[in-house]
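> Give the three-dimensional model of this entry:
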Amino acid sequence: MTSTMPRLSAMMFLQFFIWGAWFVTLGTYLVQGPLQASASQVATAFLSQSIGAIVAPFLVGLIADRYFAAQRILAVLHLAGAALLWGASVATSFSTFAACVMAYMLLFMPTLALVNSIAMRHMQAPEKQFPPVRVAGSIGWIVAGVLIGWLGWEQGQRLELTFRMAATASLLLGLYALSLPHTPPLERQRNARLGEILGLETAARLLKSRSYLVFFLASIAICIPLSFYYNFTNPFLNDLGVRGAAGLQSLGQVSEVLLMLAMPFLFVRLGVKVMLAVGMAAWVLRYVMFAFGDPGSGFALLVIGIVLHGICYDFFFVTGQIYTDAHAGPEHRSSAQGFITLATYGVGMLIGTFLSGAVVEHYTTEAGRDWQQIWLFPAGVALVVLVAFLFLFRERPAAAPATH
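Take a look at the predicted model:
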């Protein structure tokens, strides 16, 4: 079992290295690269993540979990993904590029659930062993960002190479997955009902709780401003002339790693409501920092805004996963996590992606983009969500023991 942990960590490292290698700089490549995409086209490209998140439970639940060993379908998805990423790097029109990225994300998003499933199935105590393994994924994302900055691909306008780097890593993980511990479907997964597989029964059970319903709606709503960060932070920093923007953004993952390790300690002392509220407040503060930051005297504001990612992500999303787990119970754990992922990365970011593209386009003139107004918009949305959450959410005592 001990020798398995490094192998699972390597899997996580490659999984998130692939994602971080091209996704962070996607907006900049589209706007400044050979495709010269509009803000709406940038939003369309990022839309692939949301559609992939919505499709993922169907692919994993209906196919992988019932008929194939998880490590084998992980291998197939990443090998096919490598070809699509390479295709995106050589696309000469936006329509071809968007088709490659859309097809790729339909394959990639299910792999996020697959790597979690493979890892947890081979752990005796997932609640203790999973965080260090998952941290390797955040390190992979950091390494990808640092490499892009070190190689100067943003300044040299060679961001098509990020897709080729990701394609190479995807090929490597596809081959490596075949050597991972055998993870066949469980008997109960083979015989599960359709509603159980897709998480519909679990969803109905969770949403009967008023506190969970408020959390669920807040999760969808907070992902609307989240889309602005994922879609337009890198183009924003490059517009300002910040050198090595992708490397600078990796500071967000550094803070995420540090705070993730402190989560059990913080959760017990602060509780669900405070953790979730602080996470949402961090989104408001981050966008205000971006609105008033600049590469000169206001550079510290940009750095603080990026470093706040640890609080933004861990305090809201990781706390939300723990809260969901506490409400669902052991029998419904997997389907409950799939349900909240579909709601956030699927529905919430789908709305946010459309809205972010429209807002950026609205504040774009011949003189350029009015980034201050652009960032104040998601700051306002996040503030409204925070205030509504504070008034409506009532923490259930049963959700407190979250570190089990």
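> roughly how far apart are T364 and L261?
For T364, the distance to L261 (CB to CB, to the nearest Å) stands at 40 Å. Just so you know, the C-beta spots here come from the backbone N, C-alpha and C atoms, and that holds for glycine as well.
> same deal with S9?
Distance from S9 to L261, by CB to CB: 14 Å.
> And those two? Which one has more around it.
Each of S9 and L261 has its neighbours counted (other CB atoms under 10 Å); S9 has more, 19 against 13.
> in which helix or strand would I find the closest residue to I304 other than its chain neighbours?
Nearest residue to I304, sequence neighbours excluded (CB to CB, 6 or more residues apart in numbering): M289, at 5.4 Å. For M289, the host element (DSSP states H and E) is helix 272-292.
> ok, now which ones touch Q129?
Listed by CB atoms under 8 Å, 6 or more residues apart in numbering, the contact set of Q129 reads M5, M123.
> Check it and give its pLDDT.
With respect to pLDDT, Q129 scores 78.
> For the helix or strand that contains it, could you pull out the residues that count as buried?
Using DSSP H and E, Q129 sits within helix 126-151. Judged by neighbour count using 16 or more other CB atoms under 10 Å, the buried positions of helix 126-151 are 129-130, 133-149, 151.
> If you count contacts, what does the very next helix or strand once past it end up packed against?
Sequence order places helix 160-177 as the next helix or strand after helix 126-151, per DSSP H and E. Under the contact definition 3 or more CB pairs under 8 Å, 6 or more residues apart in numbering; DSSP states H and E, helix 160-177 sits against helix 4-23, helix 70-90, helix 126-151.
> ok, 6 Å please
helix 4-23, helix 70-90 (3 or more CB pairs under 6 Å, 6 or more residues apart in numbering; DSSP states H and E).
> Report the rounded mean pLDDT for whichever helix or strand comes after the first one.
So that's helix 4-23. Going down the chain from helix 4-23, the next helix or strand is helix 26-32, by DSSP H and E. Throughout helix 26-32, pLDDT has a mean value of 89.
> Report all helices and strands that helix 26-32 contacts.
By 3+ CB pairs under 6 Å, 6+ apart, helix 26-32 packs against helix 210-240.
> List the buried residues for the helix it packs on?
For helix 210-240, by 16+ other CB under 10 Å, it's 211-212, 214-240.
> The residue nearest in space to the middle of the chain: what's its closest spatial neighbour, skipping adjacent residues?
By CA atoms, centre = their mean, the chain has its centre lying nearest to Y345, at 7.1 Å. Distances taken as CB to CB, 6+ apart place A53 nearest to Y345, at 3.8 Å, with adjacent residues excluded.
> quick check: angle from the strand or helix carrying the one you found to helix 70-90?
Using DSSP H and E, A53 sits in helix 39-59. Going by axes from the mean of the first three to the mean of the last three CA atoms, to 10 degrees, helix 39-59 is angled at 160 degrees with respect to helix 70-90.
> which SS class is G296?
coil (DSSP: H, G, I helix; E, B strand; the rest coil).
> Please report how far it lies from V242.
Distance from G296 to V242, counting by CB to CB: 11 Å.
> State the number of residues packed around A70.
26.
> That one reaches T183, doesn't it?
Yes: with contact defined as CB atoms under 6 Å, A70 and T183 form a contacting pair (4.1 Å).
> Residues that sit against both of the two, list them.
By CB atoms under 6 Å, 6 or more residues apart in numbering, A70 and T183 have these common neighbours: I118.
> by contact count, what packs against the helix or strand following the helix holding M289?
On the C-terminal side of helix 272-292, the closest following helix or strand by DSSP H and E is helix 299-307. Secondary-structure packing of helix 299-307 (3+ CB pairs under 6 Å, 6+ apart): helix 245-270, helix 272-292.
> and helix 299-307 with helix 272-292, angle?
140 degrees.
> Please identify the buried residues of helix 299-307?
For helix 299-307, using 16+ other CB under 10 Å, the buried residues are L301, L302, G305, I306, V307.
> L85: which of the residues you listed is nearest?
I306 (25.6 Å; CB to CB).
> how near is that closest one to R286?
Relative to R286, and taking CB to CB, I306 is found at 8 Å.
> in this structure, which ranges drop under the pLDDT threshold?
Applying pLDDT under 70 to the chain picks out residues 1-2, 57-66, 126-127, 186-200, 264, 325, 328-335, 337-338, 396-404.
> let's see it at 50
398-404 (pLDDT under 50).
> that older thread, which one of the helices and strands packed on helix 160-177 lies nearest to V274?
It is, among the helices and strands packed on helix 160-177 and with distance given as CB to CB, helix 4-23, at 28.3 Å.
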